[in-house]
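Chemist: structure for the following, please:
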Amino acid sequence: MRSPSLSKLFLSFLRLGMTAFGGPATIAFIKDMAVNRRNWLDEKSFKDGVALCQIIPGATAMQTAAYVGLRANGIRGALVSFIGFGLPAFILMLILSALYDRYHAVPGIISLFNGLQVAVVAIVVNATYSFGRSTFKNYKDVLIAIASGILFWTGISPFIVIIVTACAGALFFRNVNTELLSNKTESIDHTFFIKLLLVMLILLSLLIALYFVDLELLRLALLMMKIDLFAFGGGFGSVPLMLHEIVNIRGWMDSKTFMDGIALGQVTPGPIVITSTFVGYMLYGLPGAMVASAAIFTPSLFLVILVTPFFDNLRASAYFTAATRGVLASFVGLLFFVAVKFGVAVPWDIVRVALAVASFAALMKKVDILYVVLIAMFISIFIF
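Modeler: You can find the predicted model right below:
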């Protein structure tokens, strides 16, 4: 396997990040670049990395980029690959957030987002359906999803729901057969942990600096980090958590504004959690956008780096696999609640219903989500 330079990794993932529309679908393009064209990893190692990124919290495509960088050039490779892949989405979302903040009250922009909010409802409903179809294996998964939705509806924190469903999954599914891998972990150079500790100390220093510079920015950073730590199942797993914390608990923005942020996130490359840039900008301008964006990705990046050497043992653990299954089932219920919450925020009429149904049908037919959003924008300008 070739060992690319840090600049090569950064520029390669930067180029890829510019066209990384479709969330997890971009993993195929990462594989083509890293395995087929550049020969940085073999196919088995790449598949193991994808499996790892699917069972730990965070945006799967972003974590896959970090995994490739880690395998190709250590911790520094993981950092530059991760940053390069996510940078285009951050820059574009920052520009869109600034434009939204300045012009969202203009009648034409209002009309545009009236249609986009309908498309967002269809996107979340489709995510709920897709999540459920891939997660539900028997009636126990369904029961966990229903219980999660009910608990969330009654005001229970989704973070508590996730912890409870992880315990329920460990209880209900621990005897389900899983693919057991070798119990041997690869040999790890002790300098790996020294480098990781150094990076973590730098992060801690930045958080301490935020405490003295702006306590509100520190609170925003800690909140986004907490959301990322619990966002199992990919980027969409963060949506119920963001909605709960930002709209329901703190009241930093209303549901419609949050939906606008989700919509903007769909016209940018990269994962849906880039909505954090929008949230940060609307609250505290450029510093808020930078802090929120860095914080929402940091925990999952560290998890990829930390867990990769021990993945075989982790994947072979029946309790871990069972707990993860319970958490993933809970997110179906949480996403359903988000779909209902977003749906209530829309002033429905026959035109909006038709647009929502058409958007959902297009997504079911595997039309790229970017095209669905762009078409909804175009229709909105003329209808609303």
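Chemist: need the helix or strand of the protein with the lowest average pLDDT.
Modeler: Least confident helix or strand of the chain, by mean pLDDT, DSSP states H and E, is helix 311-316 with a mean of 70.
Chemist: may I see the buried residues of the helix or strand following that helix?
Modeler: Per DSSP states H and E, helix 311-316 leads on to helix 318-344 as the next helix or strand towards the C-terminus. For helix 318-344, the neighbour count (16 or more other C-beta atoms under 10 Å) marks 320-343 as buried. Quick note: C-beta positions are derived from backbone N, CA and C, even for glycine.
Chemist: with stretch 291-308 instead?
Modeler: For stretch 291-308, a neighbour-count test (16+ other C-beta under 10 Å) marks 291-305, 307-308 as buried.
Chemist: repeat that for stretch 138-148.
Modeler: So, applying 16+ other C-beta under 10 Å, buried residues of stretch 138-148: 140-142, 144-145, 147-148.
Chemist: between all of the residues you listed, which two are separated the most?
Modeler: By the measure C-beta to C-beta, Lys140 and Ser148 form the most distant pair in the buried residues of stretch 138-148, at 12.6 Å.
Chemist: what's the overlap in contacts for these two?
Modeler: Common neighbours of Lys140 and Ser148 (criterion: C-beta atoms under 8 Å, 6 or more residues apart in numbering): Ala329.
Chemist: and Ile27, how many neighbours?
Modeler: Counted by other C-beta atoms under 10 Å, the residues lying close to Ile27 total 21.
Chemist: which SS state does it fall under?
Modeler: Following DSSP: H, G, I helix; E, B strand; the rest coil, Ile27 is assigned to helix.
Chemist: check the gap between the most centrally placed residue in the chain and Thr60 for me.
Modeler: Note on the chain: the residue nearest the mean C-alpha position is Gly235, at 1.8 Å, using C-alpha atoms, centre = their mean. Per C-beta to C-beta, to the nearest Å, Gly235 is found 7 Å from Thr60.
Chemist: again with Gly77
Modeler: Taken as C-beta to C-beta, the span from Gly77 to Thr60 is 19 Å.
Chemist: what of Gly285?
Modeler: For Gly285, the distance to Thr60 (C-beta to C-beta) stands at 30 Å.
Chemist: the more surrounded of those two?
Modeler: Each of Gly285 and Thr60 has its neighbours counted (other C-beta under 10 Å); Thr60 has more, 23 against 13.
Chemist: so for the longest helix along the chain, mean pLDDT?
Modeler: In the chain, assigned by DSSP state H, the helix with the most residues is helix 60-103. For helix 60-103, the mean pLDDT works out to 92.
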